[in-house]
Structure formats: structure tokens, C-alpha cells
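Novice: 3D, please:
(2 chains)
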2 protein chains.
Amino acid sequence: MRGVIMHAPGDVRVEDRDHPTVVEPTDAVIKLAATCICGSDLWPYRGAEPVDHQPMGHEYVGTVTEIGADVRTLAVGDFVVGSFFASDNTCEICRAGYQTHCVHRQQGAPGGAQSEYARIPLADGTLVATPGQPDPDLIPSLLAASDVLGTGWFAAVAAEVGPGKTVAVVGDGAVGLLGILAAKELGAERIIAMSRHADRQALARRFGATDIVEERGEEGVARIKELTGGLGAHSTIEAVGTQEAMMQAIHATRAGGHVGFVGVSHDVAIDGFQLFRSGVHLHGGPAPVRRFLPDLIRLIWDREIDPGVVFDLVLPLEEAAEGYRAMDERRAVKVLLTV
Amino acid sequence: MRGVIMHAPGDVRVEDRDHPTVVEPTDAVIKLAATCICGSDLWPYRGAEPVDHQPMGHEYVGTVTEIGADVRTLAVGDFVVGSFFASDNTCEICRAGYQTHCVHRQQGAPGGAQSEYARIPLADGTLVATPGQPDPDLIPSLLAASDVLGTGWFAAVAAEVGPGKTVAVVGDGAVGLLGILAAKELGAERIIAMSRHADRQALARRFGATDIVEERGEEGVARIKELTGGLGAHSTIEAVGTQEAMMQAIHATRAGGHVGFVGVSHDVAIDGFQLFRSGVHLHGGPAPVRRFLPDLIRLIWDREIDPGVVFDLVLPLEEAAEGYRAMDERRAVKVLLTV
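Specialist: Down below sits the predicted model:
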């Protein structure tokens, strides 16, 4: 089968790879309906993380083609959505909603989901079947649920977004944009998107942003204070992962407010005294997307949300390299690869 | 009147100071019944914070002797407890329970409460009157409510302590010990105190600790994991303020758990990726003691809690220098100064 391999930073190729099979009795194999490129794939692409002939991709939807002997809740032919951590969904940590920290978790599993087929460990815990075979136009949204929507949703939940609250969103990538959608669904009264790109501002408004702030850093913070009577946002989503974005999020939030951070932290060091003085709540990490999948699938199935519009470039899997380039150059917010 | 002045690190003297008077119409002046030395007073004493002829002290209980023209809720003769931030208790931030970040806050007010009298700004918002004149044996506990108990209580609340939970407490100073008392009152099932001093361990057990861990750093973390089935505590109180204590608290907590930190952070830098990976909630800062004062006063008045036993050395105000020495040398957990 065909799959994406990153040979080195900036060097993405689509090559023949072994067809995955069931290895453990708890595995399933799926045929992908679509996959996509993640903002986090750009870290190694840009040389900010080491990479050496790595099969890429961790977002996926598709049809079960094979199951291990111990798989109980899924059958061949089911259409499924999963997330980027395999989890048993039964341990104490999973039951508390932190499947990304499952005691049996397999991080980054499946590796290499930018491909035609993928092996999914702990299939009963990891995968959620849709109510039936999806209409083709639902596939982008279901795929978004697999990571970016689930991650944006977690960020909003971690930031304790709710009715009557003012929410600031740092980061106008796909996760930040879907954090806006989540904030709107969770009842936020006002949503301030931080973005200086007209196309992303338009998408932000479509998803529910009520205000746009173009300033960054301390200027951006000052603007948010101005918009909130000097107090700062109740809830702030940090969806970048840089030092500037993290401090911007902390400083834009009022004392007693909540920062939900989901940008994978790179060279971030939070000054303890600044955090102490801020009085904010800070929570984040790799999003336990599995916690939210049943609800997100229902919202998508019922066509209450359309997160799939975040994909603004669709390419065949064979053209993955162009997809990486487009995202790297910010010509595309997020690239869907058809399989 | 007499009051404590720190001339320089290690140089504490009791000297004549001006008798405070009402300056703003929202002020009150109180005659102190007792005051005390705070762990945070040791930072300048040890040269870790700059200090130059500074009137010391921010913990106080006493009797109102004078009120400004705009004070509505207090009368001369009332016995009152306050906290170390003056706050109006009416702004949006105060109403959300973060009086330490009140839009009209006066940080560190009153300065110089290790003295016979003190001026309290924003008296209506800052002070809480007791139900009547307290029995003398209640005064140490009411004084504890003014800071150490209120701070330990906030740490427990920030750590989301509750029934069925396992709580770890980093720091066996007065705040950590009263964090144990708070955890017990808030219904914790199991309370693990980290301490290597026999006298503090005894007090920890008296306040409700069920387990003692003597190891520190990563060894201490390993021991807490061992005691919690490999998962870590649900809730951890950080009551020290050093890098080691903060990372110990984060690492000792399970994913999805909560760290409440109240140690004033000194040279702490939290690695963003470690925090990201941990999946914990982090909340803390200067404790909004005022939020808890009405409840704490009631618990003390009804003799349901006895936080005053944390004072293991009582000296007259004139001997404050010996009190600082005793705390610096860890001969005393906390020193009460009679006025």
C-alpha cells in the first residue's frame, strides 16, 4: 500500500509500505476514507523536531477491514473514527476522561496514518463507530473530529468555556479555529479571535468569533484587556505552543480565569512568579479526543456543526508533498488527503 | 507605638513607629490582639528578596479603634480578622472569589502589622468581624485564619480536594500543615504529607495526614506513585515555592489531577513540555483569604478546627528578632507575637 514517509526535514515522499495486519488480538485494521496533515507535522518538517524516514500521520477515519480475536465492540465493515493515542478506555485514568494518559496508552498510535490502511491498537477502546455509513460530505468533518476538532474542543473545555463567558483564542490555525467553534457550541457569549490573516478571520467569524484582534504579544494582551473592561478574558485557548503564545494567553486572562493550552510546547518556560501573580488556572496537554468523540460524532451526524470546512485544500494522497508545502507556507489552513 | 522593622537581611529590630490613623474615609485602625511571623518574611530575612528598613508583618487580628467616615459595616470595638490584601469585596473579580486581584486591591496592605496598631484600607471589604469578643484561647486560631490557614485552605480548594481523593502535600511549613487540615475538612480520603521532621510529621498526623513520605524530589514522586497504584495523587498542594517543590508537585499528580500552588515562586520556571505531558491542572497564587474568612471564622468559633496549634513558639512583640531566628533555623514552625 501507499503511505507518506518524511525522509528528513522538508523531504516528504509517498512510497510503498507494508500492508498492516492484526498483530495483537486487540488490534483492528482499517481502510482509510481520508487522512490529513496536522500542524504538529510541521515541527519535524521545519526541523524543529528530529525526523528520519518516519511514516507520518495520526488522523484517520475509515472502514474496519480486519479485527483481532479479542475485539468485541467492532465488526468488519464498521465506519470508525479514532484518535491519535490508543487507549483501553477502561482504566481509572480513561474513566476520568484522560485517555491520552491511559495506563495502557500507545502514544502516537497509529503511526503512519497518512496511508491507505492503518493498524489501530486497543481497537475497542480507541475507535468509535458512526451510526451507519456516512454520506461522503460528512467525511471531512468526521476526520476533523479525529484530532483538530477534538483538540480545539478539549482546549475550550480546559479553559472552562461556558455561557456568559468571554473567550480569547490565541492561534488561528485549524485547532484555534475549531476552538472557536467549540466555544460557540459551549455557549460562550463573546469570542475574541487573535488573527491577522483575512481568510482565517473570515473562518473565525463563520465559526462564531465576535471580535478580531490583530495585535500580538503584549499589544494583543492590552487590546483584550480593553475589550473586557480592563479585566481580561474569562477563558483563553492557547493553540500555538510557543513562549509568546503561552504568555499572551496567561496575561490575557483575568485572575480566577482559565487558560486551556493545546499547542505542543516547544521551548516554553513559564515563569513561576508571573504565573503566581496572574491567578489563572492552567490546564492542557495532548487532548483526550476519545472523551469527546461520541458527542462530536453525534453533532456532526446531525449536521449541527461543520468542522470539515477547516480543510481548505484537498489533494490525493500521492500529492502529500504539495500539501506539506502549502501548510508550511500558510497557503492552506489544513490539507485533507483523499485515499 | 512599637513595631518590627527589618533594617537589612538578618537584622530585625523592634522600634517606635508613628501611631497609624485613618487617612482615607474607607480606612479603619485596629489595635492588634496578636500578630505573627510568616514563612514569606524569611525570603528577605535570608537575602532572597531585597529589603531596606521595612516595617514587617501582614497577619493580624484585633479590635477596631477608629473608622473612617465611609465605613459602613464595622464599629469601634468590633473584633476583626483581615487578610494581607486590602480589597473592596464588591468588584467583579472579588465577587468571583479572587479578592487578591481586586481591581482596587492594595497589595501587602497593611504593611507593618507586626506592631501594636495597624491601618487597614478598604475596611468594609477587607475585614470580617467575629460573632463577638473571642475567648483568649481562640486568638491563635483566628490569627492563623488571617494568612496561613486561609492560604492552606485556598491551596486545597485550588487542588480540588474532595471526598474520595488522595492528596499529596509538598512542604511541611505552617501553610503545608494547614493545607492538611483543610484537606481533611474538605473530605479527602487519604492525605500524604511530605516531611522529614519528626515534630512536623506529628503535627501533620494531628491535622489529618494518613501517610508520611520522607523522600524528596523524584524519589518522593516515586514513593507517591507507589502509594497510589502507579497513578499519582488526585490533588497536590505545593506550599514551598522552589523549582524542586513545583516539579515534585506536578510529577506526583495523576493526569487530569490538580496542583494547587501557594508557595511564593522564587526562581521557578515550569518547563512547558513537561507540563503539557503531565496533563495536570495548575492553579495558585496569592491566596484570596478573604473568600474563605467567614467560613473559617465559623469553624474556629464553633471549635471544629484548631489551626492555632501551628504556633509552636509564643513571644512578646519586643522579642521578634528571636522569633525570626527561631523560624529561620527551623526551631519553630510558626511564631506568634503577643502585643
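Novice: low-scoring stretches of the stretch 101-250 of chain A, by residue?
Specialist: A:108-109 (pLDDT under 70).
Novice: can you pull the residues of it lying near chain B?
Specialist: A:101, A:103, A:229-231, A:241, A:243, A:246 (CB under 8 Å from any CB of the partner chain). In this view, the C-beta of every residue, glycine as well, is placed from N, C-alpha and C.
Novice: in CSV, list those residues along with secondary structure, distance to residue B:134 and neighbour count.
Specialist: Below are those laid out as CSV (DSSP: H, G, I helix; E, B strand; the rest coil; distance: CB to CB, whole Å; neighbours: other CB atoms under 10 Å in any protein chain shown):
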residue, secondary structure, distance to residue B:134, neighbour count
A:101, helix, 48, 26
A:103, coil, 51, 15
A:229, coil, 40, 11
A:230, coil, 39, 9
A:231, coil, 37, 21
A:241, coil, 53, 26
A:243, helix, 50, 16
A:246, helix, 46, 25
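Novice: of these, closest to chain B?
Specialist: residue A:101 (3.3 Å; CB to the nearest CB).
Novice: isn't the closest one up against residue B:279?
Specialist: Yes - counting by CB atoms under 8 Å, residue A:101 does reach residue B:279; the two are 5.1 Å apart.
Novice: what do these two both touch?
Specialist: With contacts taken as CB atoms under 8 Å, 6 or more residues apart in numbering or on different chains, the residues that reach both residue A:101 and residue B:279 are B:255-256.
Novice: where do the helices sit along chain A?
Specialist: Secondary structure of chain A, counting by DSSP state H: helices at A:42-45, A:92-95, A:123-126, A:139-145, A:148-158, A:174-185, A:198-207, A:217-227, A:243-251, A:272-278, A:289-301, A:320-328.
Novice: looking at those helices, which is closest to residue B:41?
Specialist: helix A:272-278 (17.2 Å; CB to CB).
Novice: who does the closest residue to residue A:248 other than its chain neighbours bridge with?
Specialist: Take residue A:248 and drop its neighbours on the chain: the residue closest to it by CB to CB, 6 or more residues apart in numbering or on different chains is residue A:170, 5.3 Å away. Note on residue A:170: beta-bridge partners residue A:194, residue A:238, judged by DSSP bridges.
Novice: okay, now residue A:170: neighbour count?
Specialist: Neighbour count for residue A:170, taken as other CB atoms under 10 Å in any protein chain shown: 33.
Novice: distance of it from residue A:176?
Specialist: Using CB to CB, to the nearest Å, residue A:170 is found at 7 Å from residue A:176.
Novice: common neighbours of those two, please.
Specialist: A:237, A:239-240.
Novice: wait, which of those is closest to chain B?
Specialist: Nearest to chain B among the shared contacts of residue A:170 and residue A:176, with distances taken as CB to the nearest CB, is residue A:240, at 11.2 Å.
Novice: the closest one touches residue A:264, doesn't it?
Specialist: No - between residue A:240 and residue A:264 there is no contact, the gap being 9.3 Å when judged by CB under 8 Å.
Novice: picking that back up, let me know the closest of the shared contacts of residue A:170 and residue A:176 to residue B:256.
Specialist: Distances from residue B:256 to the shared contacts of residue A:170 and residue A:176, taken by CB to CB, are shortest for residue A:237, at 18.5 Å.
Novice: surely the closest one meets residue A:258?
Specialist: No - here residue A:237 lies out of contact with residue A:258, judged by CB under 8 Å, at a distance of 9.6 Å.
Novice: pLDDT of stretch A:15-25, averaged?
Specialist: For stretch A:15-25, mean pLDDT is 96.
Novice: what sits against the residue nearest the centre of chain A?
Specialist: For chain A, the residue sitting closest to the mean C-alpha position, by CA atoms, centre = their mean, is residue A:148 at 2.4 Å. By CB under 8 Å, 6+ apart, the contact list for residue A:148 reads A:38-39, A:59, A:174-175, A:178, A:307, A:310, A:334.
Novice: at 6 Å instead, please
Specialist: A:174-175, A:178 (CB atoms under 6 Å, 6 or more residues apart in numbering or on different chains).
Novice: can you redo those residues as TSV, where the extra columns are distance to residue A:158 and neighbour count?
Specialist: Formatted as TSV, these follow (distance: CB to CB, whole Å; neighbours: other CB atoms under 10 Å in any protein chain shown):
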residue	distance to residue A:158	neighbour count
A:174	17	30
A:175	12	32
A:178	14	30
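Novice: pick the one among those residues closest to chain B.
Specialist: residue A:175 (13.7 Å).
Novice: just checking, the closest one touches residue A:151?
Specialist: Yes - applying CB atoms under 6 Å as the test, residue A:175 and residue A:151 come out as touching, 5.0 Å apart.
Novice: count the neighbours of residue A:7 for me.
Specialist: Neighbours of residue A:7 (other CB under 10 Å): 13.
Novice: quick check: the closest residue in space to it that isn't next to it in sequence vs residue B:162, distance?
Specialist: Closest residue to residue A:7 apart from its sequence neighbours, by CB to CB, 6+ apart: residue A:53 at 5.6 Å. To residue B:162, residue A:53 is 49 Å away according to CB to CB.
Novice: neighbour-wise, which of the two wins?
Specialist: Each of residue A:53 and residue B:162 has its neighbours counted (other CB under 10 Å); residue B:162 has more, 17 against 11.
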